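**Student:** I need the structure of the sequence given here:
(one chain, ligands or ions: 1)
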Amino acid sequence: MQRVLVVDKHKNPLMPCHPARARQLLSSAKAAVLRQQPFTIILLERDGGKTQEIQVKIDPGSKTTGIAIVADFRILHLLEKWEHHCAYCGVTDMPLEVEHIVPKARGGSQRVSNLTIACEDCNREKGNQTAAEFGYPEIGARAKQPLKDAAAVNATRWELYKQLKATGLPLEIGTGARTKYNRIRQGYPKTHWLDAVCVGDSGEQVFVPATMRPLIITATGRQSRQMCRVDKYGFPRTRAKQQRTVKGFQTGDMVRAVVTSGKKAGTYTGRVAVRASGFFDIKTVNDTAQGISYRDCRIMHHCDGYAYHI
Ligand SMILES: [Zn+2]
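**Tutor:** Sure, this is the predicted structure:
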């Protein structure tokens with residue numbers, strides 16, 4: 001949502017506002033236009049005021065630098081977690097603020113486990129007391145509970161989770177911070193597969209033999225993404241690629257060929273590249289064997305768009 005920049009009468013910045021709010025302020029003569037680009041209004045009466053916690057984030061580049069002004073995202077999580085109610089008096093439909101359970105001035109941290117949301121009145125009344133001193137000892141424990149679905153904020157992760165869950169296999173997820181904590185505490189190096197082992201409650205104590213190696217699966221596609229070549233104007237120059245099957249074999253299939261006689265006698269295991277002649281190339285771990293007859297080949301694994309290696 002596009003926001004309108006706002007300054008007070010001394011030109012000190014205030015929180016940007018919604019364009020509808022800006023129109024309201026302008027038409028009631030509480031504000032005037034300070035400049036057109038970027039559109040900024042000046043509040044004629046207001047002198048200072050509280051701004052929400054915001055962050056300025058930059059992504060510097062040689063040609064273009066991105067700058068973003070971002071409201072403290074924790075409030076969104078906190079509103080969700082505390083169901084849009086003041087943690088103390090329970091009021092809702094009121095402006096709510098981020099509130100430190102143990103006040104910053106008394107060493108309280110900025111972590112979510114030390115934050116809650118409160119209405120302005122409660123926040124002021126609580127002042128420099130902890131939540132317990134203010135008469136709410138249970139709030140500290142509630143704040144330490146993990147954010148609901150925090151691990152699944154990312155859409156891809158969520159989809160992966162759903163699909164794995166649908167298999168009916170027992171599935172465990174956890175937060176990234178927990179995983180890292182578990183992994184480091186047990187002295188395992190940073191790799192994706194060891195991180196997966198260290199996920200969640202059961203990841204607190206795991207045993208991975210030093211000799212164990214992961215199976216690495218790489219998405220390779222089925223070699224049909226580029227449908228045809230184009231000329232310099234972008235017009236099709238060749239026919240669309242078609243997946244070719246020769247004698248029941250496709251390029252990319254894993255095959256094992258046993259050649260019993262002749263110069264090429266031997267056993268070859270690897271990916272096949274089919275040729276119309278029926279004499280194929282097989283890419284083994286070390287080498288490529290050329291001109292192997294389809295008669296000597298057996299399919300071990302059909303090309304499924306992934307490459308596998310240990
Ligand atoms: Zn309140």
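**Student:** specify the beta-bridge partners of Ile117.
**Tutor:** Val98 (DSSP bridges).
**Student:** residues contacting Ala143?
**Tutor:** Ile101, Val112, Ser113, Asn114, Leu115, Thr116 (CB atoms under 8 Å, 6 or more residues apart in numbering). In this view, the C-beta of every residue, glycine as well, is placed from N, C-alpha and C.
**Student:** apply 7 Å and report the result again.
**Tutor:** Residues in contact with Ala143 (CB atoms under 7 Å, 6 or more residues apart in numbering) are Ile101, Ser113, Asn114, Leu115, Thr116.
**Student:** just Val6 next, same as before
**Tutor:** Leu14, Met15, Pro16, Cys17, Ile41, Leu43.
**Student:** can you do 8 Å?
**Tutor:** Contacts of Val6 (CB under 8 Å, 6+ apart): Pro13, Leu14, Met15, Pro16, Cys17, Ala22, Ala31, Thr40, Ile41, Ile42, Leu43.
**Student:** got it, and His84?
**Tutor:** Thr92, Leu96.
**Student:** where's it, which helix or strand?
**Tutor:** His84 is part of no helix or strand when elements are defined by DSSP states H and E.
**Student:** how near is Met254 to Val98?
**Tutor:** 56 Å (CB to CB, to the nearest Å).
**Student:** re the thing from before, which of the contacts of Ala143 lies closest to the ion?
**Tutor:** Nearest to the ion out of the contacts of Ala143 is Thr116 (CB to the ion; 10.5 Å).
**Student:** what sits closest to that closest one if chain neighbours are left out?
**Tutor:** Ala87 (4.1 Å; CB to CB, 6 or more residues apart in numbering).
**Student:** count the residues that sit near the one you found.
**Tutor:** 25 (other CB atoms under 10 Å).
**Student:** and the contacts of Ala143, which two are furthest apart?
**Tutor:** Across the contacts of Ala143, the longest distance by CB to CB is 10.0 Å; it joins Ser113 and Thr116.
**Student:** who has more neighbours out of the two?
**Tutor:** Just comparing Ser113 and Thr116: by other CB under 10 Å the higher neighbour count belongs to Thr116, 26 against 14.
**Student:** pretty sure that one contacts Leu79?
**Tutor:** No. Counting by CB atoms under 8 Å, Thr116 sits too far from Leu79 to count as a contact (10.5 Å).
**Student:** coming back round to it: for the contacts of Val6, give me a markdown table that also has pLDDT.
**Tutor:** Shown next, in a markdown table, are those (pLDDT from 0 to 100):
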| residue | pLDDT |
| --- | --- |
| Pro13 | 85 |
| Leu14 | 85 |
| Met15 | 81 |
| Pro16 | 83 |
| Cys17 | 86 |
| Ala22 | 93 |
| Ala31 | 94 |
| Thr40 | 91 |
| Ile41 | 94 |
| Ile42 | 94 |
| Leu43 | 92 |
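**Student:** so for the closest residue to the ion within the stretch 201-310 of the chain, what's the pLDDT?
**Tutor:** Residue of the stretch 201-310 of the chain nearest the ion, by CB to the ion: Asp201 (34.7 Å). On pLDDT, Asp201 comes in at 81.
**Student:** how about Gln226?
**Tutor:** Gln226 is given a pLDDT of 57.
**Student:** quick one on the thing from earlier: min pLDDT across the contacts of Ala143, which one?
**Tutor:** Ser113 (86).
**Student:** that residue and Arg298, how far apart?
**Tutor:** Distance from Ser113 to Arg298, by CB to CB: 59 Å.
**Student:** how far away is Ala87 from Thr130?
**Tutor:** Counting by CB to CB, the gap from Ala87 to Thr130 is 13 Å.
**Student:** tell me where the stretch 151-300 of the chain is predicted with low confidence.
**Tutor:** Low-confidence segments of the stretch 151-300 of the chain, defined by pLDDT under 70: 151-158, 220-228, 239-243.
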